[in-house]
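When you get a sec, could you give me coordinates for this:
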Amino acid sequence: MAHALGGAAAPAILRNSDLDTDAVQRARVDLAACFRMAARLGLHEGICNHLSFVVPGRDDLFLVNPYGWGFAEITASRLLICDFEGNVVAGDGVPEATAFYIHARVHKNVPRGKACFHTHMPNATALTMLEGPPLAWAGQTALKFYGRTVVDEEYGGLALDEAEGDRIAASIGEADIVFMRNHGVMVLGETVAEAWDDLYYLERACEVQRLAMSMGRPLKPVPPEMAARTYAQMREGDRESARLHLESVKRILAQEAPDFAR
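Residues are numbered from 1 along each chain as shown. Reported below is the predicted structural model:
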């Protein structure tokens, strides 16, 4: 299912001090932590799926996982830095082809999306396969995403060219969460922590909805006024909660899989 960009590994073409700052290293560690915990929670799929983040201080470059490595194998130093033309600027290997064509075009065309997490996590993906709106406003966790989602209704097959990447980017609009019909989900965030927090809670919201739907009784939605009020309550401390969530993940990994930060 996965495809190497360009078909073979290529050496990095550039190294400079801009890519070795403390901010870049922190971003590498944060992103690696997300890969590792996503693997532990079953939010990944083989060597497919991708998490990326724009390099701090360099809006023309992004960090992304290399082709051929599973989420559970990712370390901070193993992440690639790529430009928007497909060149590997730092790191060994190449990105998976759809990782490049989706993430490069999203980062280029939707600059507010500093973090872009794309997965086929099972519960959220299952809801993209059903007719109608994927996420119902019937559970408290789901209300974290009230007014923040969009559905990309046009399944376009594998994203193996810039045109499909541009189409996906254009479908996002002002949303943070994209349900990609018949495909998977994409989460955009200003920080790695915010994208991780949304990815985690999105799958939990979809999981509990799937469980409720399996009981054969109609869902009971939260009234729109209360949904909007609860969403506003959640958003008040969301950024700090997301930061603390990722710090918790890193503490767990530091004890159980400390090589993630290598």
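
can I get the CA coordinates of stretch 170-179 in PDB?
This file holds the C-alpha atoms of stretch 170-179, laid out as PDB (Å, rounded to 0.1, in the frame of the first residue of the first chain):
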ATOM      1  CA  ALA A 170      -8.500  22.900  -0.500                       C
ATOM      2  CA  SER A 171     -11.100  20.700   1.200                       C
ATOM      3  CA  ILE A 172      -9.900  21.700   4.700                       C
ATOM      4  CA  GLY A 173     -11.200  25.300   4.700                       C
ATOM      5  CA  GLU A 174     -11.300  26.600   8.200                       C
ATOM      6  CA  ALA A 175     -11.600  23.200   9.800                       C
ATOM      7  CA  ASP A 176      -9.100  21.500  12.200                       C
ATOM      8  CA  ILE A 177     -10.400  18.000  11.700                       C
ATOM      9  CA  VAL A 178     -11.000  16.400   8.200                       C
ATOM     10  CA  PHE A 179     -12.900  13.200   7.800                       C
END
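
what about that stretch, average pLDDT?
Mean pLDDT, stretch 170-179: 98.

how about it: buried residues?
Residues of stretch 170-179 classed as buried: 171-172, 175-179 (neighbour count, 16 or more other C-beta atoms under 10 Å). To be clear about C-beta, it is placed using only N, CA and C from the backbone, and glycine gets the same treatment.

As JSON lines, those with secondary structure would be great.
JSON lines is the format used below for those (DSSP: H, G, I helix; E, B strand; the rest coil):
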{"residue": "Ser171", "secondary structure": "helix"}
{"residue": "Ile172", "secondary structure": "helix"}
{"residue": "Ala175", "secondary structure": "coil"}
{"residue": "Asp176", "secondary structure": "coil"}
{"residue": "Ile177", "secondary structure": "strand"}
{"residue": "Val178", "secondary structure": "strand"}
{"residue": "Phe179", "secondary structure": "strand"}
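
so which two of these are the farthest from each other?
Ser171 and Asp176 (13.0 Å; C-beta to C-beta).

if we can go back for a sec, dump the buried residues of stretch 170-179 to CSV, plus distance to Gln140.
CSV is the format used below for the buried residues of stretch 170-179 (distance: C-beta to C-beta, whole Å):
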residue, distance to Gln140
Ser171, 28
Ile172, 25
Ala175, 21
Asp176, 18
Ile177, 16
Val178, 22
Phe179, 19
